[in-house]
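Student: Please work out how this folds:
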Amino acid sequence: MDSKIVKKPSATLTVNNKQLELPVYGGTVGPDVIDIRKLYSDGKVFTYDPGFTSTAACESQITYIDGDEGVLLYRGYPIDQLAEKSSFLEVCYLLANGELPNEGEFKRFEKDITYHTMLHAQFDRFFDGFRRDAHPMAIMVGTVGALAAFYHDSTDINDRKQRTIASHRLIAKMPTIAARAFKYSIGQPFVSPRNELDYASNFLRQCFAVPAEDYKINPVMARALDVFMILHADHEQNASTSTVRLAGSSGANPFACISSGIACLWGPAHGGANEAALNMLEEIGTVDNIPEFIRRVKDPNDDIRLMGFGHRVYKNYDPRATAMQKLCHMVLKEVGAEDNPTLKVAMELEKIALNDEYFVSRKLYPNIDFYSGITLRAMGFPTSMFTVLFAVARTVGWIAQWTEMMEDDSQKIGRPRQVYTGPTLRAYVPVGQRK
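Tutor: Purely as a prediction, here's the structure:
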């Protein structure tokens, strides 16, 4: 990756009665950054930033977020335009290569992905090692990491061609693994992918087809899944992406790195937020119960939480939430559930929150998780699959970020520091002499 950061006038920091000149750099858009790489060697201090709320860990040219304005760009393209006009595989190509493909490039890429969707025949034996009631995300963590045991010809991280092959394999095989995890959890036989189907249709068929009858692709559901994956494809340096980069900084193979990202995504504060939002809406039950729920949310002595509102980065309306709301209405209309009580609760709760000073002053706007749970449930997926679907979509983002890191000469193995508050030096006392 060719660096595009621009040098700005330096910053001056006085610490321990010593004045330090720190380089300042800027990107194409967004806040400038202060380079503190020599802060410890020159000033003998660390920075303290729990959760990395003000730390830029890398230079990236993939995704840009302006949380104050509610902007999300993939390689410069607004998320709403991509959701409306593009396809998931085209977005995959964009994230991985930096530009939208022409017709010939897209056909080659689509074929490469389609013809990598099958798994090694012996791979299916892994699933038999899991309990029938195993959570699909547990299966995903284990099996994706195991891909390295089957595809040795794409684990050399220093070989550009092998990195590309591994990238294509991960994008292609993730839906197949996810569908198998789902089928295994419900006791149904696995369904193999079909080369004549598009990416989303193939995944739906692998999840819902049964041997007793032919599965007919619903184009509305296929498009809904496609857009869902576009909206979740990448999101800058979030927890799981940072995990992938940190694992990759050690030189780990790409399959292991993506597995680490899946493990991080499994956390309820990250990938599990849509399930929590759906549970909240179902617990509210009806529109009549919303005022009491709002009262409890505002009560500092009540431990009830408002899920699906607010975001670590967005301090405005999540741009993905608008597209997700449209998607939700489209899916519910298709399945004849326009009068869905959970949707009514969601719409009324959103309306109240957007006009209530308590929520507006705290910048608690709806995020993408608010409507995604309702949508996925209507499509036929159980809550245990919500985070799995997130992982399938986010794989391309993880891969693009990992590839960018591998091509960045300035990257080093990740090694955060700490503020140590434990005991100072003390001598060892034999067990018989301890009080």
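
Student: so residue 22 is in which element?
Tutor: Following DSSP states H and E, one finds residue 22 within strand 18-26.

Student: for the record, mean pLDDT for that strand?
Tutor: Average pLDDT, strand 18-26: 95.

Student: Show me what that strand packs onto, helices and strands only.
Tutor: strand 6-15, strand 33-34, helix 39-43 (3 or more CB pairs under 8 Å, 6 or more residues apart in numbering; DSSP states H and E). Backbone N, C-alpha and C define where each C-beta goes, glycine included.

Student: ok, and which of these has the densest surroundings?
Tutor: strand 33-34 (a mean of 17; mean count of other CB atoms under 10 Å).

Student: Provide the strand pairings for that strand, with the direction of each partner.
Tutor: Applying DSSP bridges, strand 33-34 is found paired with strand 18-26 (antiparallel).

Student: Tell me the buried residues in the partner strand?
Tutor: If you call a residue buried by 16 or more other CB atoms under 10 Å, then strand 18-26 has these buried ones: 20, 22-23.

Student: between it and strand 6-15, how big is the angle?
Tutor: For strand 18-26 against strand 6-15, the angle by axes from the mean of the first three to the mean of the last three CA atoms, to 10 degrees is 160 degrees.

Student: Mind putting the helices and strands packed on strand 18-26 into a markdown table with distance to residue 219 and mean pLDDT?
Tutor: Below are those laid out as a markdown table (distance: least, CB to CB, whole Å; pLDDT from 0 to 100):
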| stretch | distance to residue 219 | mean pLDDT |
| --- | --- | --- |
| strand 6-15 | 46 | 95 |
| strand 33-34 | 45 | 96 |
| helix 39-43 | 56 | 93 |
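
Student: Any chance of the ones you listed in a markdown table with distance to residue 310 as columns?
Tutor: Below are the helices and strands packed on strand 18-26 laid out as a markdown table (distance: least, CB to CB, whole Å):
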| stretch | distance to residue 310 |
| --- | --- |
| strand 6-15 | 31 |
| strand 33-34 | 25 |
| helix 39-43 | 32 |
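
Student: can you tell which of these is closest to residue 322?
Tutor: Closest to residue 322 of the helices and strands packed on strand 18-26 is strand 33-34 (CB to CB; 30.1 Å).

Student: returning to what we had before: can you name the residues in contact with the strand holding residue 22?
Tutor: 5-14, 32-36, 38-39, 42-43 (CB atoms under 8 Å, 6 or more residues apart in numbering).

Student: Then stretch 383-392?
Tutor: Contacts of stretch 383-392 (CB under 8 Å, 6+ apart): 135-137, 140, 174-175, 178, 181-182, 185, 203, 225, 228-229, 232, 261-262, 265-266, 271-272, 274-275, 278-279, 372-373, 376-377, 381.

Student: Also stretch 203-218?
Tutor: The contact list for stretch 203-218 (CB under 8 Å, 6+ apart) reads 175-176, 178-180, 182-183, 188-194, 197, 201, 221-222, 225, 334, 380-381, 392.

Student: now do 6 Å
Tutor: Outside stretch 203-218, the residues that touch it by CB atoms under 6 Å, 6 or more residues apart in numbering are 175, 179, 182, 191, 201.

Student: for that stretch, what is the average pLDDT?
Tutor: The predicted model assigns stretch 203-218 a mean pLDDT of 95.

Student: same thing with stretch 391-406?
Tutor: pLDDT averaged over stretch 391-406 gives 98.
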